[in-house]
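Asks: 3D, please:
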Amino acid sequence: MADQNFSNQLKQLALEFESMTDNYPHLLEQAISDPESGKWSPDYFTSLEPYGSEIQHKTPPSRLLVNSPEVLSSDTLSLVLLGSHGAELVRTFYGDKIYYDDIYIYDDNAIKRYQIYHSDGDTKPVLIELLVLTEEGSPSQFLTYYDGASLIINYTSNNQGILSKSYIPSDGALKEYKTMRIDFEDGQVKEIVDLANSSLIYSLEEAAKPLSTLLAEYQDRVMAMIIAGLKERPPEAEDVSGMVLEYFSESPFPPSIGLPTASERAKWKGDSVIWWFNAADMEYFYECEFFYQDNSDELLNAKLEELDFDYVVDIVDAFYLELAGRIVNSPEIRALLSADDNFFCTAHDYTCGTDLGLLKKFLPNSLYQEIESEVGAPEELGEDQVLSAFGKLN
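Replies: So this is what the prediction gives:
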């Protein structure tokens, strides 16, 4: 019976999804009670998913509202219209011609969210969410539908907290794929635990720590996980000459790892010297496989997203430069890789392309000049080639 009930609800959401663009003017009229109630936010969390801001490590929306957009420094801006129940419309701008509308419709024990994409006159439906509440206002069910895909979460209370069971429709039935436990303390979410592997998804204690503390603790964990990973999957080659920590600036943790060998460097030196900086091209490439998901990387990435990008670049550069030095100086890592005196470690932001300025920040001048003379000035490099930032002993 429960499966049938969910099935009927999803069918209704699918029908609404198909007609969302046509119904858009009516939805706006139905939702907005006061067009003059606008507040501004740099990163408003729009989902109705219960405890979603904790799971995704986002600042609660109520803490992000200001009266004027001029006080915000952000690539995205959200205009939030508020009513007696909460947000009625959130319009998030991406430049002059692109924005998303999130429209909220409130019923006695349910809330719906409709998300619609706008680009230079073109309008497309994105998703629909439905949150069903108990008489006491606690979450009972959460459903979302987007372009043929759907998700269902059922919530039940017990003396330990709230159990959250997630399902996806499969072959006409519901397939359970995640169960979480949400624990509370003094009315706040204290912890969220994935019961399948007992991993910590959210911790109030961790979220309250300063960024500097989280970075220091995470660096210690990365060192421990690299050592454990090398013990579990040691390279067979005896001529490993260094380690490349590769990451993307949008989500710098955890890195992927490449172990270039002397033979690879010799092979590439003649005509594609910079490719040995590219971790994915190396025989020994570990795509985040050393790093078990303890959620500390997601928490750090989320905290960095809330900061000015230039500040984030400085933080990440400093983190990886220090980590590279620790790796080069680690007796245990050097022993596991049979490292010689020329062993090096690089930290490479894959999105920086041919940025010699980044390379220069990490290298002693003599070594930077050596690399620059070998690869040429930036304008001589192909657009698809990659440079790395170095961490190396003098």
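
Asks: Could you use CA atoms for every contact and neighbour count after this?
Replies: Will do.

Asks: Against Val240, how distant is Met282?
Replies: Here Met282 is placed at a distance of 11 Å from Val240 (CA to CA, to the nearest Å).

Asks: list the residues that contact both of the two?
Replies: Leu259, Pro260 (CA atoms under 8 Å, 6 or more residues apart in numbering).

Asks: got the residue ranges for the strands in the stretch 251-394 of the chain?
Replies: With DSSP state E, counting those that start in this stretch, the ranges of strands along the stretch 251-394 of the chain come out as 251-258, 285-286, 344-349, 389-391.

Asks: Output the ones you listed in JSON lines, with distance to Asp297, mean neighbour count and mean pLDDT appended to each entry.
Replies: JSON lines is the format used below for these (distance: least, CA to CA, whole Å; neighbours: other CA atoms under 10 Å; pLDDT from 0 to 100):
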{"stretch": "strand 251-258", "distance to Asp297": "5", "mean neighbour count": "22", "mean pLDDT": "90"}
{"stretch": "strand 285-286", "distance to Asp297": "17", "mean neighbour count": "19", "mean pLDDT": "86"}
{"stretch": "strand 344-349", "distance to Asp297": "16", "mean neighbour count": "26", "mean pLDDT": "80"}
{"stretch": "strand 389-391", "distance to Asp297": "21", "mean neighbour count": "27", "mean pLDDT": "32"}
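
Asks: and the ones you listed as CSV, adding distance to Ile315?
Replies: Shown next, in CSV, are those (distance: least, CA to CA, whole Å):
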stretch, distance to Ile315
strand 251-258, 10
strand 285-286, 24
strand 344-349, 13
strand 389-391, 14
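
Asks: Please identify which of those strands is closest to Lys209.
Replies: Distance to Lys209, taken as CA to CA, is lowest for strand 251-258 among the strands of the stretch 251-394 of the chain, at 17.5 Å.

Asks: Tell me which strands that closest one pairs with, and in which orientation.
Replies: strand 242-248 (antiparallel), strand 285-286 (antiparallel) (DSSP bridges).

Asks: picking up where we left off before, among the strands of the stretch 251-394 of the chain, single out whichever gets nearest to Ala110.
Replies: Closest among the strands of the stretch 251-394 of the chain, using CA to CA: strand 251-258, at 34.7 Å.

Asks: okay, the closest one in PDB with CA atoms only?
Replies: C-alpha atoms of strand 251-258 as PDB (Å, rounded to 0.1, in the frame of the first residue of the first chain):
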ATOM      1  CA  SER A 251      36.400  21.200  -5.100                       C
ATOM      2  CA  PRO A 252      40.100  20.900  -3.900                       C
ATOM      3  CA  PHE A 253      39.600  18.000  -1.500                       C
ATOM      4  CA  PRO A 254      40.500  15.200  -1.700                       C
ATOM      5  CA  PRO A 255      43.200  15.100  -4.400                       C
ATOM      6  CA  SER A 256      43.900  12.400  -6.900                       C
ATOM      7  CA  ILE A 257      47.500  11.000  -6.800                       C
ATOM      8  CA  GLY A 258      50.000  10.200  -9.500                       C
END
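
Asks: and His118, which of the three is it?
Replies: Judged by DSSP: H, G, I helix; E, B strand; the rest coil, the three-state class of His118 is strand.

Asks: Tell me the bridge partners for it.
Replies: Going by DSSP bridges, His118 forms beta bridges with Tyr99, Thr123.

Asks: Might you calculate how far stretch 142-153 sits from the centre of the chain?
Replies: 21 Å (CA atoms, centre = their mean, to the nearest Å).

Asks: Please enumerate residues in contact with that stretch?
Replies: Residues outside stretch 142-153 that contact it (CA under 8 Å, 6+ apart): 6, 10, 13-14, 17, 49-50, 126-132, 141, 154, 164-169.

Asks: which stretches of the stretch 201-350 of the chain form helices?
Replies: Here the stretch 201-350 of the chain has its helices, by DSSP state H, counting those that start in this stretch, at 204-207, 211-232, 262-269, 296-305, 309-329, 331-336.

Asks: These: lowest mean pLDDT?
Replies: Of all these, mean pLDDT reaches its minimum on helix 262-269 (a mean of 75).

Asks: List the buried residues in that one.
Replies: By neighbour count on 16 or more other CA atoms under 10 Å, the buried set for helix 262-269 is Glu264, Arg265.

Asks: quick one: pLDDT of the nearest residue to Leu299 once chain neighbours are set aside?
Replies: Among residues not flanking Leu299 along the chain, His57 sits closest, at 5.9 Å (CA to CA, 6 or more residues apart in numbering). Per-residue pLDDT puts His57 at 90.

Asks: any idea how far Gln115 is from His57?
Replies: His57 is 21 Å from Gln115, by CA to CA.

Asks: okay, these two: which has more neighbours?
Replies: Ranked by neighbour count (other CA atoms under 10 Å), His57 and Gln115 place Gln115 first, with 25 against 20.

Asks: how many neighbours does the nearest residue to Gln219 once chain neighbours are set aside have?
Replies: Leaving aside its sequence neighbours, Gln219 sits nearest to Leu323 (CA to CA, 6+ apart; 6.8 Å). By the measure other CA under 10 Å, the count of residues near Leu323 is 22.
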